[in-house]
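*Asks:* what shape does this take:
(chains A and B)
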Amino acid sequence: MTEYAKPIKRRKINSDAIWGYAFIAAALLIFLMFTAYPVVSALIISFQEYKPVGSTFIGFDNYTETFKDSLFWKAIVNTIVYTLLTVPVSLFLSFAVSILILPFKKRMQTAFKAVYYLPAVASGVALSVVWLWIYDPMPEGIFNKLTSFFGLGTHNWLGSSAYAMFSLVLMAWLSSHGTSIIIYLAALLGIDGSYYEAAELDGANFFQKLRYIVVPCLKPTTLFLLVTGVIGSFQVFQNAYLMTGGGPDNATTMVGLLIFNNAFKYFEFGKAAAQSLILAAIIAGISVIQFKFLGKDVEY
Amino acid sequence: MKKRMRVLASVFALSMALTTLSACGSGSKDAETKNADDPNAKDTITALLPPVSANFQSNFDQMAKEFNEKYPNLTLKIEPASWEDMTQKLDTQVNAGSPPDIAFIPSDGIPKYVDSGLLMDISDTATDDMIKDYDPAPLEYMKNGKGLYGFPAYMEAHAIGGNKEYLEKAGIDYKKVQKEGWTFDEFREAIKKGVVTENGKTSRYGFVFATAGVTSKDYLDILVKSAGMPSAFNQDLKYTYTSKNFLEVLKDIRVMIDDGSMPKELSSIDAGKRWNMFLTGQTMITGKGLAGFERNAKENNEKLKNKDASAVKGSIPVEYIVLPVPSFAGAKAQTRVAVDGYVTFRGTKEPTAAHKANVVKAANFLSSGKVAATTNNELYVAQITESSRKAAESMPVDRDPDNKAAIESMLTHAVPARPDIPTDLGAKALKLEDEVIVPKLQALIAGEITPEAMYDAVKSAAVQAFGDDGVVKD
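*Replies:* The predicted structure is shown next:
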């Protein structure tokens, strides 16, 4: 035994530690069953021609078929277009609304937060039904009445491939930003007031304060919302499923909808699992890129 | 206090974990029941059933009671489901390997479940007396290959429906059409006459069919039957949608929109909207027409008469006239039918002979006799078993006799079932339909592609899927 080597001390496990491990074990068990197990199962199924009775191992066939499938690539492109059009605008709108709400007193802020958060509480299905009504293609449809009033004529908003994607994007722009607004507001309230006081002494105007104080201070929040927004957008399913069914001519078929169709319409669970894992890899890749390029000077 | 909180918290944590584990252990009781091989042993048969008719689900207790009276050792446990979540619920159960013993589904879903390996072939268990009770045509729809996978509940014709007053105003001899049918050219002339324009705007269309999203599949599928393509495969198992007649149907679909007989926004009109358009006088003819629509129209008329606020807003009294789908490209008209029924499932373990026999008894009980008679009478659809026809003799029928006769005439040239189509070919055709035909049809109806472009796309995808020799060339 050298002078540096210390005798191994047996850690005494007291009753607090036992209780702690017991609580962790319950949470861990639930995590293992409902998160880890499905992921591992999906990985195994992705190498199988899955059937409830007698699945067969088919190697990488599900993956190679997916990569050869033109509809998969079309769905990827549609999802990227949808993400590029919705996430930045959604972030900007949330940021702008938060800035507008910030000067109000606490009670008014709470009222605004509640109003903006309300759509997030409402059922997505109910919202889609309302939007279907707004996008009624007949001349008496609400949106068509509006466009006709401005001399833009009537359009088949969800039935035409020229407008269907735009219609889903517009719906995303005008729908719930409640969560982002609340997060932005919390971050805005966390900025030390002395920064603004110093800027005011230097004669900074509103936009300069925004540019040199607010935007840099909110960078971690923006990065968080951007990453989670992109992840959410890549997994979008409900809008396309309920509003357009992926049509017309697959113009709004997103990857999420394609995976759902493969699994529950065609019972091709192996292919659906493979596509889910490819989607997970794409999302992980994009998240890494976002952290690498945008997270350099972010302080947490 | 601290100790009590710890105990409470640990009980909570443990119960969470146990709940989780118990979810994986359900079904053991069923398995035990099913293991009994004694035909007189107690057994429970589970059924997942949607609201087949308006009062169907409210009769479940009575149905279970009558079944138990007939078979005292058996219990019929019925789980209700809405039409909306029926397929999803069933699919989830099938893929978990624990489907109900019986489920009510359209017969065209049979190949999908046969492929899963969990549909139960009852051809060796259904007795001759049971089989003889059913009309042969609908029974064929419950077959796949040599297997019989359940019993049919009804066979309903997919027709179109007209507003009697508007048909008469347009000078259409609808009674003759009901008896003799019509060609597409005759139909086109008729729907043109039904169009009414006020101040440059169309206030009434000649024909409106629901085509939003997947309902466009219905539209095409109903029309092509009368264009010499009763099935996606001919008798030689060659894919038929590559036939030139298919192109003719596509051209005809487009021309009805181009000449203003159908709305240019057709691609976004769903089933609810087009029925609303029919009841509010915005169209002369609607599709697809189901037997129950006559009853729905009558009920709405009654509400209007009684100034009942639940009548469809803006609706007018409508006398619903059943009309056949026109024939295309000189082909013989054939009626697309919906045959829905009670299909039988097995679990991942081989069912015992006794349980299988019990499931067959339950499926037969639901699809024949008094239960079927009551349901079909309520739906205005024809009885398809001798036992239900007999049971329905005493039940009042409130149908227009001409409509009834028209449906009976259509059913004489109903498209026959095709149990000979292998499941792999059927699955390929279904995928081609969902990934190419429906999307291209949506684009065609929206005026974004030509009929020729759609035909070429379908042809190319069909050759890719079935090979050059696997498709019809004419």
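
*Asks:* relative to B:Ala153, how far out is the residue nearest to B:Ser409 when sequence neighbours are not counted?
*Replies:* Spatial nearest neighbour of B:Ser409, chain neighbours left out: B:Lys179 (6.7 Å); criterion: CB to CB, 6 or more residues apart in numbering or on different chains. All C-beta atoms are positioned from the backbone trio N, CA, C, and that covers glycine. Between B:Lys179 and B:Ala153 the distance is 28 Å, computed by CB to CB, to the nearest Å.

*Asks:* and these two? which has more neighbours close in?
*Replies:* For B:Lys179 against B:Ala153, the residue with the higher neighbour count under other CB atoms under 10 Å in any protein chain shown is B:Ala153, and the figures read 29 against 13.

*Asks:* who does the helix or strand encompassing that one pair up with?
*Replies:* Assessed by DSSP states H and E, B:Ala153 sits inside strand B:150-157. Under the criterion DSSP bridges, strand B:150-157 sits next to strand B:337-344 (antiparallel) in its sheet.

*Asks:* which residues of the stretch 351-474 of chain B lie near chain A?
*Replies:* Within the stretch 351-474 of chain B, the positions lying close to chain A (CB under 8 Å from any CB of the partner chain) are B:427, B:430-431, B:434-435, B:438-440, B:442-443, B:445-446, B:448-449.

*Asks:* let's see 7 Å
*Replies:* When proximity is defined as CB under 7 Å from any CB of the partner chain, the stretch 351-474 of chain B approaches chain A at B:427, B:431, B:434-435, B:439-440, B:442-443, B:446, B:448.

*Asks:* circling back to that earlier point, part of a strand, is the residue nearest to B:Ser409?
*Replies:* No: residue assignment for B:Lys179, taken from DSSP: H, G, I helix; E, B strand; the rest coil, gives helix, which places it outside any strand.

*Asks:* quick one: secondary structure of B:Ser315?
*Replies:* Three-state assignment for B:Ser315 (three-state DSSP): coil.

*Asks:* need the contact list for it.
*Replies:* Remark: with contacts taken as CB atoms under 7 Å, 6 or more residues apart in numbering or on different chains, B:Ser315 is in contact with B:279-280, B:300, B:304.

*Asks:* the residue of the stretch 51-200 of chain B found nearest chain A: how many residues sit nearby?
*Replies:* The stretch 51-200 of chain B approaches chain A most closely through B:Gly117 (3.8 Å), counting by CB to the nearest CB. By the measure other CB under 10 Å, the count of residues near B:Gly117 is 14.

*Asks:* chain neighbours aside, what residue packs nearest to it?
*Replies:* Leaving out its chain neighbours, B:Gly117 is closest to A:Val53 (CB to CB, 6+ apart), at 3.8 Å.

*Asks:* now do B:Leu90
*Replies:* Distances taken as CB to CB, 6+ apart put B:Ala103 closest to B:Leu90, at 5.2 Å, once the chain neighbours are dropped.

*Asks:* tell me who's in contact with the one you found.
*Replies:* Residues near B:Ala103 by CB under 7 Å, 6+ apart: B:48, B:90, B:343, B:345.

*Asks:* now, which of those residues lie within helices?
*Replies:* B:Leu90 (DSSP state H).

*Asks:* which one of the contacts of B:Ala103 has the most neighbours?
*Replies:* Among these, the one with the most neighbours (other CB under 10 Å) is B:Val343, at 29 neighbours.

*Asks:* mind checking pLDDT for it?
*Replies:* At B:Val343, the pLDDT value in this model is 97.

*Asks:* nearest residue to it in space, please, no chain neighbours.
*Replies:* With CB to CB, 6+ apart as the criterion, B:Val343 has its nearest non-adjacent residue at 3.6 Å, and that residue is B:Gly150.

*Asks:* could you say which helix or strand holds B:Arg254?
*Replies:* Here B:Arg254 is covered by helix B:244-258, with elements defined by DSSP H and E.

*Asks:* what's in contact with the helix or strand just after that helix?
*Replies:* Sequence-wise, the next helix or strand downstream of helix B:244-258 (DSSP H and E) is helix B:271-279. Residues from elsewhere that reach helix B:271-279, judged by CB under 7 Å, 6+ apart: B:163, B:208-210, B:215, B:283, B:286, B:297, B:300, B:312, B:315, B:318.

*Asks:* got it, and stretch B:216-226?
*Replies:* Identification of contacts with stretch B:216-226 by CB under 7 Å, 6+ apart yields B:158, B:209, B:211, B:246, B:249, B:288, B:325-328, B:331, B:333-336, B:415, B:433, B:437-438, B:441-442, B:445.
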